[in-house]
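A.B. asks: How does the following fold in three dimensions:
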Amino acid sequence: AEVSVLSPRVAFLDHQRLLLNVDNSALKQRIAALAQDKIFKDAHQEALKREIQRLRQVYHQQNLKKMENGASPAPTQAAEVRVSVEKEQLLNV
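C.D. replies: Model (predicted):
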């Protein structure tokens, strides 16, 4: 009598376990995809930071050359500074 009562329960739990295993596999695949995406985005962010540094160096070198040649350095517009700060803030998020 107990077997006939427990058998449907065991079948139900076995089915639930199967569904959970499928969900678990899907979640593991999603985590792996997100981890790969994070690696790519981190590398891209680092490349952008290096490019910012390179461009700053070029800008400062150009201003030094202008100063050596007697010309005044290029004036920095407020809008250019604001855009530069916004870009840097985006990269640091």
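A.B. asks: Tell me the confidence at the residue most central in space within the chain?
C.D. replies: Among the residues of the chain, the one closest to the centroid is Lys41, at 3.9 Å (CA atoms, centre = their mean). If you check Lys41, the pLDDT there is 98.
A.B. asks: Tell me where this structure is predicted with low confidence.
C.D. replies: Judged by pLDDT under 70, the chain has its weakly predicted residues at 1, 71-89, 91-93.
A.B. asks: by contact count, what packs against the lengthiest helix in the chain?
C.D. replies: For the chain, the helix with the greatest residue count under DSSP state H is helix 2-68. In terms of contacts (3 or more CB pairs under 8 Å, 6 or more residues apart in numbering; DSSP states H and E), helix 2-68 is packed against helix 78-91. Backbone N, C-alpha and C define where each C-beta goes, glycine included.
A.B. asks: Could you check how far Ala33 is from Gln45?
C.D. replies: 19 Å (CB to CB, to the nearest Å).
A.B. asks: ok, these two, which is more surrounded?
C.D. replies: Taking other CB atoms under 10 Å, Ala33 and Gln45 do not tie; Gln45 has more neighbours (14 against 10).
A.B. asks: how far away is the more buried one from Ile31?
C.D. replies: In terms of CB to CB, Gln45 sits 21 Å off from Ile31.
A.B. asks: what's the answer for Asp14, then?
C.D. replies: Taking CB to CB, one finds Asp14 at 26 Å from Ile31.
A.B. asks: next one: Arg17
C.D. replies: From Arg17 to Ile31 the distance is 21 Å (CB to CB).
A.B. asks: and if you look at Asn69?
C.D. replies: If you go by CB to CB, the gap between Asn69 and Ile31 works out to 57 Å.
A.B. asks: Could you check which of those two has the larger neighbour count?
C.D. replies: Ile31 (10 against 7).
A.B. asks: what residues are up against the more buried one?
C.D. replies: Residues near Ile31 by CB atoms under 8 Å, 6 or more residues apart in numbering: none.
A.B. asks: helix/strand/coil for Gly70?
C.D. replies: coil (DSSP: H, G, I helix; E, B strand; the rest coil).
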